[in-house]
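Participant: Attaching a predicted model along with its sequence, questions to come.
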Amino acid sequence: MATDVRIGLPERAPSGPGTDAALEDALEVFHDVERACTRFDPDSPLMRANRAPDRFHAVPVALYEALRTAAQAHAATRGGFDPRILEDLVALGYDRTLPFGHGEVTVSKARSPKARRPLGPWRPSFRGATREVRLGRHPVDLGGIGKGLAIRWASELLRRRGVADHVVSAGGDCQLAGTADGSSPWHVGVDDPFGGPFVAVLGLRGMACATSSSRLRSWELGGGRVHHLIDPRNGLPGGRGLASVTVVGPEADWSEVWSKTLLLAGAAAIGRLAEKRSIAALWVGTSGSISTSRAMARHLVWSR
């Protein structure tokens, strides 16, 4: 997933072989999801399905559930979330794992990115009895939602195994279960997308948090700067006026869906959409301004 994965426990948490085994199995969840859902391995189950998206394919359970969740998210956001952006990412040069965070990334392409027509509603087909899927006309990318699902599934595994208090985090997204010290919520710092100190601290208990940023995975292309958050309406990097969006919700995968959807709405529309959907959101504008929705207020411990 091209990111660090961490599981944290309170200092008072019980230790022993049972806890150690649960932690190892929780980490293995990320490997299972990556093997099934990565687009960077041409032989992964996702990429085999992407090579013939208009046909049915039997797929592993992790991929099947990830695609079902993506379809639900597409419907819930009225197309604001759409995984059919793989061809757009490849056209921008993001066709391999790029060394983000390890120096400047530059991609050489013969043509500048151009807007495309909207793809219309996404209507994949599912056969539950045989765990088969048909993607439709276009290949899909499951990077963000796959990471969110891995976080949620790892947290659910830990709870089933008796590890009640924990944090599972990956690439800025996290699921926080129980408490930090027996009574207090976990404290989560919201990164400054421009590299400064935290812009806010959240107090969360039994919740998830996800951040989408146009700053982290960005690169030079044709004399301009592009990023990986693609507006499904035109196939180009979106989020005009926004540098990052953080969302708090019950589950990591849906927090990821809404953080991306809100960012792609752009600075002009994010406030209205967050209030309409009662989403707990904090966003940082490209000017450095910090704004929050009403629902985020109860989670704020401190903000800049």
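Facilitator: Happy to help now that I have it. Numbers count the residues shown, from 1 in each chain.
Participant: When you work out contacts or count neighbours from here on, use the C-alpha atoms and nothing else.
Facilitator: Will do.
Participant: after the helix or strand where residue 22 lies comes which helix or strand?
Facilitator: Applying DSSP states H and E as the criterion places residue 22 in helix 17-37. Using DSSP H and E, the helix or strand that directly follows helix 17-37 along the chain is helix 45-51.
Participant: Against which helices or strands is that following helix packed?
Facilitator: helix 17-37 (3 or more C-alpha pairs under 8 Å, 6 or more residues apart in numbering; DSSP states H and E).
Participant: mind running it again at 10 Å?
Facilitator: Helix 45-51 is packed against helix 17-37, strand 57-58, helix 61-76, strand 132-134, with contacts defined by 3 or more C-alpha pairs under 10 Å, 6 or more residues apart in numbering; DSSP states H and E.
Participant: Run the chain-centre distance for it.
Facilitator: Put simply, helix 45-51 sits 20 Å off its chain's centre (C-alpha atoms, centre = their mean, to the nearest Å).
Participant: when you give positions from now on, start the count at 7
Facilitator: Happy to do that; since the first residue is 7 now, the last one works out to helix 51-57.
Participant: Buried residues, that helix. List them.
Facilitator: By neighbour count on 16 or more other C-alpha atoms under 10 Å, the buried set for helix 51-57 is 51, 52, 53, 55, 56.
Participant: what's near enough to touch the last one?
Facilitator: The contact partners of residue 56, taken as C-alpha atoms under 10 Å, 6 or more residues apart in numbering, are 45, 48, 50, 63, 92, 140-147.
Participant: likewise the third one?
Facilitator: Applying C-alpha under 10 Å, 6+ apart, one finds that residue 53 lies in contact with 42, 43, 44, 45, 46, 47, 59, 145, 146, 147.
Participant: who wins for most neighbours among these?
Facilitator: residue 43 (28 neighbours; other C-alpha atoms under 10 Å).
Participant: And that one, what's its pLDDT?
Facilitator: Confidence at residue 43, expressed as pLDDT, is 97.
Participant: now it: how far from residue 261?
Facilitator: Using C-alpha to C-alpha, to the nearest Å, we find residue 43 at a distance of 19 Å from residue 261.
Participant: Which strands border the helix or strand hosting residue 207, and is each parallel or antiparallel?
Facilitator: Secondary structure assigned from DSSP H and E places residue 207 in strand 206-210. Sheet pairing here is set by DSSP bridges, and for strand 206-210 it gives strand 192-196 (antiparallel), strand 306-309 (antiparallel).
Participant: For residue 32, which non-adjacent residue is spatially closest?
Facilitator: Using C-alpha to C-alpha, 6 or more residues apart in numbering and skipping residues adjacent in sequence, the residue nearest residue 32 is residue 160, 4.6 Å away.
Participant: my bad, should have said residue 281
Facilitator: Spatially, and ignoring its direct neighbours in sequence, residue 281 is nearest to residue 299 (6.4 Å; C-alpha to C-alpha, 6+ apart).
Participant: Residue 248 now?
Facilitator: On the basis of C-alpha to C-alpha, 6+ apart, the spatially nearest residue to residue 248 that is not a chain neighbour turns out to be residue 291, at 4.3 Å.
Participant: Ok, residue 287 next?
Facilitator: Counting by C-alpha to C-alpha, 6+ apart, residue 253 is the residue found nearest to residue 287 once chain neighbours are left out, at 4.5 Å.
Participant: what lines up beside the helix or strand harbouring that neighbour in the sheet?
Facilitator: With elements delineated by DSSP H and E, residue 253 resides in strand 248-255, which encompasses its position. Sheet pairing here is set by DSSP bridges, and for strand 248-255 it gives strand 213-219 (antiparallel), strand 286-291 (antiparallel).
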